[in-house]
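In: Provide a 3D model corresponding to the input given below.
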Amino acid sequence: MDNKIRIQLSVMMFLQFFIWGAWFVTLGTYLLTDLKTNATEVGVAYLTQSIGAIVAPFIIGLIADKYFPAQKILGVLHVIGAVMLWFCGTAPNFNAFYPYVLIYMIIYMPTLALVNSISFRQMTDPSKQFPPIRFLGTLGWIIAGFAIGWLNWEKSGSLDLTFKTAAAASLLLGLFSFTLPATPPLKKGSKTSVRDILGLDAIGLLRNSSYRIFFLASVAICVPLAFYYNFTNPFLNEVGMNGAAGKQAFGQVSELVFMALMPLFFKRLGVKKMLAVGMLAWVLRYALFAYGDTGANYWMLIGGIVMHGICYDFFFVTGQIYTDELAGEQFKSAAQGFITLATYGVGMLIGFTISGPIVDAHQTTGGLHDWQQIWLIPAAIAAVVLILFLLLFKDRNRGVQLESPAPDKFMPATDAI
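Out: So this is what the prediction gives:
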């Protein structure tokens, strides 16, 4: 691959995830402290991610794959997104804020698939060329978090600047996208059905009893996962952690470390144990949050953050590989689209819906919260899912060997969170 193209793709990927990391992590804190919302409204705001995840395949399947070059669609979406982000940062209340964030997430979620598509189309050997470029995306998210923590925007009440910073980066990426290598549509003139878009051709995998258990566990584990996305940053700020967004970025550092170690673990543990360790990590993470504080138990808060690598890599990445192995060549893409829709569409939607009211129900005097009781709820949910999974799932792919995590096996929407 030409060095110029490599640099272009790297810049694209860095900005793509810098934009998301710049505002998404601290969204809950911004809504609770700056716009004076309740926790239920925080859940409603995060719910826009699930709506975007459900809508995204239609934008890609019906527009990008058939009519227009991917880099031009990427440019247009990010320019429009810049406007929406700016309005998010200037909205005076939640009623004014919500339409902007909803439109933005419907616009942004399709760009996750677009940047991958643009990258793969320029590569001669994606398995070797994609990981270093995708690494720049995670680095963008990490730098955004470190910058927010270093600038102390959470404590100074300046989180509106996160949206304005993201808006500037989005405008930059939007304009930059028009200079990217041409990526014309692959399915021009072809017919695309709703079944194709949603990956429903892979629904036959559910006839496999073990995969059916994994599928249901994947949807269920996304319910407690939503608590983490919604309320970790408000929790850390409320208990007095300085530079919470910057500390949370260590979760992405952990993700990179465990991603590199995955082939070693996968070979020794197999599918069932890998998935179980991932779910157990969610139980332990929430327990650490429940009993951690900024005093003697500060290590628990940091430990809960750093466990992100195990939480995400061991369950979700292993699950993607397991899905890929069972699907076979004909249904690989459909299977990944199907499991993504089910988890980050349906599972997260349920989680975002119930987490807000639960947090509101545990509000105490002075607008504070009983975080110990709050975190024990997703811990209990994850524990129940883990126990049922251990009892019912049979590891029939024990012989699968993993050389390295291939880029086309990753769900594009969340691996930088």
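
In: For the protein, name the helix or strand with the lowest mean pLDDT.
Out: Ranked by mean pLDDT, DSSP states H and E, the helix or strand of the chain with the weakest confidence is helix 194-197, at a mean of 58.

In: Quick one: list the elements packing against the helix or strand following it.
Out: Using DSSP states H and E, the next helix or strand after helix 194-197 towards the C-terminus is helix 209-238. Secondary-structure packing of helix 209-238 (3 or more Cβ pairs under 8 Å, 6 or more residues apart in numbering; DSSP states H and E): helix 27-29, helix 39-59, helix 153-156, helix 244-248, helix 250-291, helix 318-340, helix 348-361, helix 371-392. From N, CA and C alone the C-beta is placed, and that goes for glycine too.

In: in helix 209-238, what counts as buried?
Out: Of the residues in helix 209-238, 210-211, 213-238 count as buried by neighbour count, 16 or more other Cβ atoms under 10 Å.

In: Also stretch 95-114?
Out: Along stretch 95-114, these residues count as buried under the neighbour rule (16+ other Cβ under 10 Å): 97-98, 100-114.

In: Among those, name the ones in helices.
Out: When those are checked against helices using DSSP state H, the ones located there are 97-98, 100-114.

In: Flag the shaky bits of the stretch 1-150 of the chain, pLDDT-wise.
Out: Low-confidence segments of the stretch 1-150 of the chain, defined by pLDDT under 70, span residues 59-66, 127.

In: If we use 90, what do you get?
Out: Low-confidence segments of the stretch 1-150 of the chain, defined by pLDDT under 90: 1-3, 50, 52-71, 73, 109-135, 138.

In: Can you tell me how far Gln252 is from Gly140?
Out: Noted for Gln252: a distance of 10 Å to Gly140, by Cβ to Cβ, to the nearest Å.

In: Equivalent analysis for Phe14, please.
Out: Plainly put, Phe14 is 4 Å away from Gly140 if you go by Cβ to Cβ.

In: These two: who's more crowded?
Out: Regarding Phe14 and Gly140, a neighbour count based on other Cβ atoms under 10 Å identifies Gly140 as having more, with 25 against 21.

In: host element of the more buried one?
Out: Using DSSP H and E, Gly140 falls within helix 126-151.

In: Relative to the whole chain's centre, how far out is that helix?
Out: The gap between the average C-alpha position of helix 126-151 and the chain average comes to 13 Å, counting by Cα atoms, centre = their mean, to the nearest Å.

In: tell me the angle that helix makes with helix 250-291.
Out: Per axes from the mean of the first three to the mean of the last three Cα atoms, to 10 degrees, the angle that helix 126-151 makes with helix 250-291 is 60 degrees.

In: Quick check: buried residues in helix 126-151?
Out: Of all the residues in helix 126-151, those buried under the rule 16+ other Cβ under 10 Å are 126, 129-131, 133-134, 136-149, 151.

In: can you check stretch 353-363 too?
Out: Neighbour-count burial for stretch 353-363, with 16+ other Cβ under 10 Å as criterion, is recorded at 353-356, 358-359, 362.

In: Would you mind splitting the chain into its domains for me?
Out: When the chain is parsed with automatic domain parsing, its domains come out as 1-181, 198-417.

In: Asp34 touches Gly157, doesn't it?
Out: Yes: under the criterion of Cβ atoms under 8 Å, Asp34 makes contact with Gly157 at 6.6 Å.

In: Tell me where the model's unsure across the stretch 151-300 of the chain.
Out: 155-157, 182-212, 214-215, 218, 222, 252, 255-274.

In: ok, 50 please
Out: Confidence mapping of the stretch 151-300 of the chain against pLDDT under 50 gives zero matching residues.

In: didn't Ala245 look like it was pressed against Asn233?
Out: Yes: under the criterion of Cβ under 8 Å, Ala245 is in contact with Asn233, at a separation of 6.4 Å.

In: Spit out the residues that contact those two alike.
Out: Any residue near both Ala245 and Asn233 by Cβ atoms under 8 Å, 6 or more residues apart in numbering counts here, and that gives 25-26, 154.

In: I'd like to know which of those are buried.
Out: For the shared contacts of Ala245 and Asn233, burial is judged from neighbour counts taken by 16+ other Cβ under 10 Å, and it is met by 25-26, 154.

In: Contact partners for Ala166?
Out: With contact taken as Cβ under 8 Å, 6+ apart, Ala166 is in contact with 18-20, 22-23, 85.

In: For it, which non-adjacent residue is spatially closest?
Out: The shortest distance from Ala166 to any non-neighbouring residue, by Cβ to Cβ, 6 or more residues apart in numbering, is to Ala22 (4.1 Å).

In: For that neighbour, the count of nearby residues, please.
Out: As a burial measure, the neighbour count of Ala22 was computed by other Cβ under 10 Å and equals 28.

In: cool, Leu31 as well?
Out: For Leu31, the neighbour count with other Cβ under 10 Å is 26.

In: okay if I get the buried residues of stretch 353-363 as a markdown table plus distance to Asp2?
Out: Output for these, formatted as a markdown table (distance: Cβ to Cβ, whole Å):
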| residue | distance to Asp2 |
| --- | --- |
| Thr353 | 47 |
| Ile354 | 49 |
| Ser355 | 46 |
| Gly356 | 48 |
| Ile358 | 52 |
| Val359 | 50 |
| His362 | 55 |
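
In: In TSV, list the residues you listed along with pLDDT.
Out: Compiled in TSV, these are given as follows (pLDDT from 0 to 100):
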residue	pLDDT
Thr353	92
Ile354	94
Ser355	93
Gly356	93
Ile358	95
Val359	94
His362	93
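
In: between those, which is nearest Gly278?
Out: Proximity of these to Gly278 was ranked by Cβ to Cβ; the top entry is Ser355 with 20.0 Å.

In: from memory that closest one sits against Ala226, does it?
Out: Yes: the pair Ser355 and Ala226 qualifies as a contact (Cβ under 8 Å) at a distance of 5.1 Å.

In: Pull up the overlap in contacts between the two.
Out: Common neighbours of Ser355 and Ala226 are listed as Gly43 (criterion: Cβ under 8 Å, 6+ apart).
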